Structures are given as C-alpha cells and as structure tokens.
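Undergrad: Sequence first, predicted coordinates after that:
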Amino acid sequence: MLRLASRPCFKIGMGRGRSRQAKETLGRNVARIRRARGLSQAELAARAKVTQALVSAVELAKANPTLESLDRLARALKAGLPDLFAG
C-alpha cells in the first residue's frame, strides 16, 4: 500500500509571500506609470486592449495577469516589462 505524505516535501514556485510582494510591486508601478502618463484606468485598458477591471485588479494586487496582458499593459504605458516589476 502506497502512503502519501501529509505535508509536501518541497515547495514549487516563489511561495505566497514573494508572489504577493511581486503583485504589490507590479500594481504600484502600473498605477504610478499610468498616472505619470496622465491616463485613467479606462484609457489604459482601451490602449492595452484589456478590461478596465483587469487594470484595477492589477493595481490592487488582486490579479494574476498573463504574460500577454502584462506585455499589452507595458506597451500601452510605453514602458518595458522590467519597469513594471522594478523596486
């Protein structure tokens, strides 16, 4: 009979703490750059061809955006992907 461990033996990914921190940094940077460009969330969403709800969720660190969405946001903000995660 095969017995499964009650706890995982290893961790996969960055872990909840680091993942949360990355989302918070991303959100702060998107909001900061958006405001610096004089854009509303709706204007950024239209330029990036994503929903305003996604922009809001990213800024509030409540979204796990796809790489495609991140690329669209970065391009619409005229910023690089590293700029979105700086800091």
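TA: That came through fine. In this text, all values refer to a predicted model and were calculated from it rather than measured experimentally.
Undergrad: what about Gly17, neighbour count?
TA: By the other C-beta atoms under 10 Å criterion, the neighbourhood of Gly17 contains 8 residues. C-betas here are computed from N, CA, C, even on glycine.
Undergrad: What's the mean pLDDT across the helix or strand harbouring it?
TA: Following DSSP states H and E, one finds Gly17 within helix 16-36. Within the predicted structure, the mean pLDDT of helix 16-36 is 94.
Undergrad: How about stretch 67-85?
TA: Regarding stretch 67-85, the rounded mean pLDDT is 97.
Undergrad: Check which residues of that stretch are buried.
TA: Of all the residues in stretch 67-85, those buried under the rule 16 or more other C-beta atoms under 10 Å are 69-70, 72-74, 76-77, 79, 84.
Undergrad: Would you map the helices across this protein?
TA: With DSSP state H as the definition, the chain shows helices at residue ranges 16-36, 41-48, 52-59, 67-76, 81-85.
Undergrad: about what we covered before: ok, the buried residues of stretch 67-85 vs Arg35, which is closest?
TA: Compare each of the buried residues of stretch 67-85 with Arg35 using C-beta to C-beta and the shortest gap goes to Leu77, at 10.5 Å.
Undergrad: which residue sits closest to that closest one, ignoring its sequence neighbours?
TA: Excluding its sequence neighbours, the residue lying closest to Leu77 (C-beta to C-beta, 6 or more residues apart in numbering) is Ile33, at 4.8 Å.
Undergrad: quick one: that neighbour and Gly80 touch, right?
TA: No - the pair Ile33 and Gly80 fails to qualify as a contact (C-beta atoms under 8 Å) at a distance of 10.6 Å.
Undergrad: gap between the spatially closest residue to Lys78 that is not a sequence neighbour and Val30?
TA: Closest residue to Lys78 apart from its sequence neighbours, by C-beta to C-beta, 6+ apart: Arg37 at 7.2 Å. Taking C-beta to C-beta, to the nearest Å as the measure, Arg37 falls 11 Å from Val30.
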